[in-house]
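In: starting from these lines, generate the structure:
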Amino acid sequence: MERLWAGWRSAYLESSGDDAGPGSEGCVFCGLFASQLPDSQTLVVWRSPLVVAVLNAFPYGSGHLLVMPVRHVADLTEVAGEERVALWDAVHAGVEAVTAAYRPGGVNVGANLGRAAGAGIPGHLHVHVLPRWDGDTNFMTAVAQTRVLPEPLTETWRRLRSAWPRGQGLGSGRRVSPSLDEEEQTMAEASDWNTAIIQEFRSNGGKVGGQFEGAPLLILHTTGAKTGQERVSPVMYQAVGEGFAVFASKAGAPTNPDWYHNLVAQPRATAEVGTASVEVEARVADAEERERIWSKQKVDYPGFAEYEEKTTRTIPVVILTPTA
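Out: Have a look, this model is predicted:
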């Protein structure tokens, strides 16, 4: 028997001890979700009270997601109503995430219902989301019955968590807490998403993957217009002379983002650009200046044109000028 050493897996195996063991029904998934361990250890990419997306601990290939109800249920026909909507919304979001993170040639989506159908954990329904590429099979699998995985699970978790779509695939199941109203839910989701982007930005010298891979991104520090507290937001920018133009698109929402109102109230701010921290002063671009900058942004990044189509407001362009 040949052996292929993959030492990085020991960290995962050691972390899957008694604290993350089987739940009350002897289910590994239920025990994992109830463990209170951080998502970085359980490899939960995204969760809600109804649905969870977690990495497969024994993946067929990099980016292999499992999307499932939080509730312990085996039969797909028993998943109905809000739970069913939440499950398929999360599957849709999972496909978007693996596509953005890995740019595969295709994606496998499917479920094995019952042990006879190949389910490894038949008692807890789960849907596989797996990116695939032309020619991604090789002699190791065919001859040695061994899979070679090019990245550790921790890196896969980081990439998919960063690429998980914000504001899409939300459905009923994307609620952060049953007690939150819709506005608070959106704010909490945005906070979680921003935090993941900021952590990745700072860990990689100002670069991130997923939907922002290759795009110019800065971390904007503003002062809350109402609270006076520091607020931190990742935003795309366009270089304008020695400064930066940022766009209050809010993905085409009907209102301007909070950071825009903060800058109007207090124009002095700080921008993290790459590994540098730059003190800036903000001003809203006038109509002629805005048109020139905004037109270029829509050509360079067509998603901004889509945001414009979604809203009736004129999306402001803000110029950040270094003060030193």
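In: hey, where'd the strands end up in the stretch 51-200 of the chain?
Out: Listed in chain order, the strands of the stretch 51-200 of the chain (DSSP state E, counting those that start in this stretch) span 51-55, 65-69, 106-110, 127-132.
In: now for those, which one comes closest to residue 83?
Out: Closest to residue 83 of those is strand 65-69 (C-beta to C-beta; 5.8 Å). In this view, the C-beta of every residue, glycine as well, is placed from N, C-alpha and C.
In: which residues of the stretch 101-250 of the chain score low on pLDDT?
Out: Low-confidence segments of the stretch 101-250 of the chain (pLDDT under 70): 135-151, 166-193, 210-211.
In: ranges for the helices of it?
Out: For the stretch 101-250 of the chain, applying DSSP state H, counting those that start in this stretch gives helices covering 139-144, 153-163, 182-203.
In: got a list of what residue 123 touches?
Out: 25, 26, 27, 72, 74 (C-beta atoms under 8 Å, 6 or more residues apart in numbering).
In: how close does the last one sit to residue 115?
Out: As defined by C-beta to C-beta, to the nearest Å, residue 74 lies at a distance of 10 Å from residue 115.
In: with neighbour numbers in mind, choose between these two.
Out: residue 74 (14 against 11; other C-beta atoms under 10 Å).
In: surely that one and residue 126 touch.
Out: No - counting by C-beta atoms under 8 Å, residue 74 does not reach residue 126; the two are 10.0 Å apart.
In: reformat the strands of the stretch 51-200 of the chain as a markdown table; add distance to residue 217.
Out: A markdown table is the format used below for the strands of the stretch 51-200 of the chain (distance: least, C-beta to C-beta, whole Å):
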| stretch | distance to residue 217 |
| --- | --- |
| strand 51-55 | 24 |
| strand 65-69 | 25 |
| strand 106-110 | 26 |
| strand 127-132 | 24 |
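In: looking at these, which is nearest to residue 194?
Out: Closest among these, once you apply C-beta to C-beta, is strand 51-55, at 18.9 Å.
In: what mean pLDDT would you report for the closest one?
Out: For strand 51-55, mean pLDDT rounds to 92.
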